[in-house]
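Visitor: A predicted structure for the sequence below; I have some questions about it.
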Amino acid sequence: MRKGTPLDGVLLLDKPAGVTSNAALQQAKRLLGAAKAGHTGTLDPLATGLLPLCFGEATKFAGLHLEADKTYLATVQLGASTSTGDAEGEVVFRGDAAGVGPKHVAAVLAQLTGVRDQVPPMYSALKREGRPLYAYARAGETVERSGRPVTVHELGIVRIAPGVLELRLRVSKGTYVRALAQEIGERLGCGAHLTALRREASGGLSLADSITLERLSALPPAQRVAVLRPMDILVAPLPRGELDAPAAAALQQGRTVGTALALAAGLVRLYDAQGSFLGVGEMRGSGRVAPRRLVAARPGAAA
């Protein structure tokens with residue numbers, strides 16, 4: 001594809017380890033020759049797995065997908081805690097994990113499941129006075145952080161080996177799995193840190209449908225666009241509404257329109273009578289819907 005060609009759609013990327021989310025995005029952007037790109041939330045360089053990348057008009061809906069729950073497969077090393085909560089940090093505590101068994105682990109995981117406050121780790125990109133927390137941490141400074149509400153919907157054991165836990169968890173946005181690993185170690189009394197993390201799902205999007213950068217690169221340039229998914233997969237959990245031609249035209253002009261839609265108040269994904277995705281609107285009383293994020297009509301769009 002010619003560089004800079006308008007391109008609309010979503011790439012479900014299987015991000016490799018050791019690469020930042022932005023570096024992976026830029027590689028995919030070059031391979032596709034896309035003019036505009038973004039992602040739906042970062043993965044740490046250590047982490048692998050599902051990273052939905054948005055191109056063209058799909059970037060308008062990336063923020064809505066940020067709210068989706070995430071599912072991970074996590075590997076936790078018992079017996080040592082690190083400064084970063086993962087394998088990249090320095091060991092700050094060592095403990096004896098020899099006596100830790102399945103019952104002990106299951107009890108701790110049950111304690112950590114549900115709605116709870118989580119204090120963000122110092123090695124994170126959250127900003128304090130315009131400066132990311134990791135910048136303070138690298139300078140040897142610790143700043144006070146407030147706990148933030150997160151939800152651990154599911155937290156279960158996949159495998160237990162001597163000194164190693166493999167866990168599968170489904171969590172709300174903003175949950176730091178590194179911080180969970182640290183807390184598991186604290187509650188077990190032996191210390192722990194994250195050694196591997198793989199994102200298996202984001203909302204209704206699955207790693208099983210993803211593609212690696214290597215596979216994308218191996219495709220002929222003309223075939224790469226075929227792996228893009230329609231942009232409305234980012235908002236698939238929202239209720240669906242269909243508008244007739246006059247209502248669709250009025251909505252695209254930025255007007256609130258009356259419809260026969262019997263949908264509850266809130267966000268809704270909208271389509272015209274031909275099934276083309278119009279964008280996201282907000283249902284109001286008496287069937288009225290207001291535009292919120294609309295797709296700009298573009299010939300040849302992947303959606």
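Guide: Nice, I can see it.
Visitor: any idea of the pLDDT on L243?
Guide: Looking at L243, its pLDDT stands at 95.
Visitor: how about the nearest residue to L53, chain neighbours excluded?
Guide: Nearest non-adjacent residue to L53, counting by Cβ to Cβ, 6 or more residues apart in numbering: L11, 4.4 Å away. Bear in mind the C-beta positions are built from the backbone N, C-alpha and C, glycine included.
Visitor: quick one, what contacts that neighbour?
Guide: 28, 32, 52-53, 55, 211, 216, 227-229 (Cβ atoms under 8 Å, 6 or more residues apart in numbering).
Visitor: give me the element it is part of.
Guide: Here L11 sits within strand 9-15, counting by DSSP states H and E.
Visitor: from the middle of its chain, how far away would that strand be?
Guide: Relative to the centre of its chain, strand 9-15 is centred 11 Å away, using Cα atoms, centre = their mean, to the nearest Å.
Visitor: then stretch 214-233?
Guide: Chain-centre distance of stretch 214-233: 20 Å, with Cα atoms, centre = their mean.
Visitor: so what touches it?
Guide: Here stretch 214-233 makes contact (Cβ under 8 Å, 6+ apart) with 1, 7-13, 28, 31-33, 54-55, 57-58, 61, 204-205, 209, 211, 269, 277, 295, 302-303.
Visitor: in strands, which of those residues fall?
Guide: 9-13, 54-55, 205, 269, 277 (DSSP state E).
Visitor: can you name the two of those that are farthest apart?
Guide: Greatest spatial distance in the ones in strands among the contacts of stretch 214-233: L13 and R269, 22.9 Å, computed using Cβ to Cβ.
Visitor: of these two, who's got more company?
Guide: A direct count of neighbours by other Cβ atoms under 10 Å for L13 and R269 places L13 higher, at 25 against 21.
Visitor: low pLDDT regions in the stretch 51-200 of the chain?
Guide: Within the stretch 51-200 of the chain, the stretches with pLDDT under 70 are 122-129, 133-134, 136-137, 139, 141, 143.
Visitor: quick one: the strands in it?
Guide: For the stretch 51-200 of the chain, the strands defined by DSSP state E, counting those that start in this stretch cover 70-78, 80-82, 91-94, 114-118, 127-128, 131-132, 148-161, 164-171, 192-202.
Visitor: quick one: strands adjacent to the second one?
Guide: Put plainly, it is strand 80-82. The pairing partners recorded for strand 80-82 under DSSP bridges are strand 91-94 (antiparallel).
Visitor: do the same with the first one
Guide: Each strand paired with strand 70-78, and its direction, by DSSP bridges: strand 164-171 (antiparallel), strand 192-202 (antiparallel).
Visitor: residues near S286, how many?
Guide: S286 has 7 neighbouring residues, counting by other Cβ under 10 Å.
Visitor: look up how far R292 lies from the nearest residue to it once chain neighbours are set aside.
Guide: Among residues not flanking S286 along the chain, G258 sits closest, at 7.1 Å (Cβ to Cβ, 6+ apart). Using Cβ to Cβ, to the nearest Å, G258 is found at 17 Å from R292.
Visitor: about what we covered before: now the strands of the stretch 51-200 of the chain as JSON lines including mean neighbour count and distance to A222?
Guide: Putting the strands of the stretch 51-200 of the chain into JSON lines (neighbours: other Cβ atoms under 10 Å; distance: least, Cβ to Cβ, whole Å) gives the following:
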{"stretch": "strand 70-78", "mean neighbour count": "22", "distance to A222": "33"}
{"stretch": "strand 80-82", "mean neighbour count": "22", "distance to A222": "46"}
{"stretch": "strand 91-94", "mean neighbour count": "13", "distance to A222": "50"}
{"stretch": "strand 114-118", "mean neighbour count": "13", "distance to A222": "46"}
{"stretch": "strand 127-128", "mean neighbour count": "12", "distance to A222": "42"}
{"stretch": "strand 131-132", "mean neighbour count": "13", "distance to A222": "40"}
{"stretch": "strand 148-161", "mean neighbour count": "14", "distance to A222": "41"}
{"stretch": "strand 164-171", "mean neighbour count": "19", "distance to A222": "38"}
{"stretch": "strand 192-202", "mean neighbour count": "22", "distance to A222": "29"}
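Visitor: looking at those, which is closest to A179?
Guide: Among the strands of the stretch 51-200 of the chain, strand 114-118 sits nearest to A179 (Cβ to Cβ), with 5.7 Å.
Visitor: okay, the angle between the closest one and strand 148-161?
Guide: 110 degrees (axes from the mean of the first three to the mean of the last three Cα atoms, to 10 degrees).
Visitor: each with direction, which strands does strand 114-118 pair with?
Guide: Within its sheet, strand 114-118 is paired with strand 148-161 (antiparallel), according to DSSP bridges.
Visitor: so what touches the partner strand?
Guide: Applying Cβ under 8 Å, 6+ apart, the external contacts of strand 148-161 come out as 69, 73, 101-102, 105-106, 109, 112-120, 165-172, 174-175, 180.
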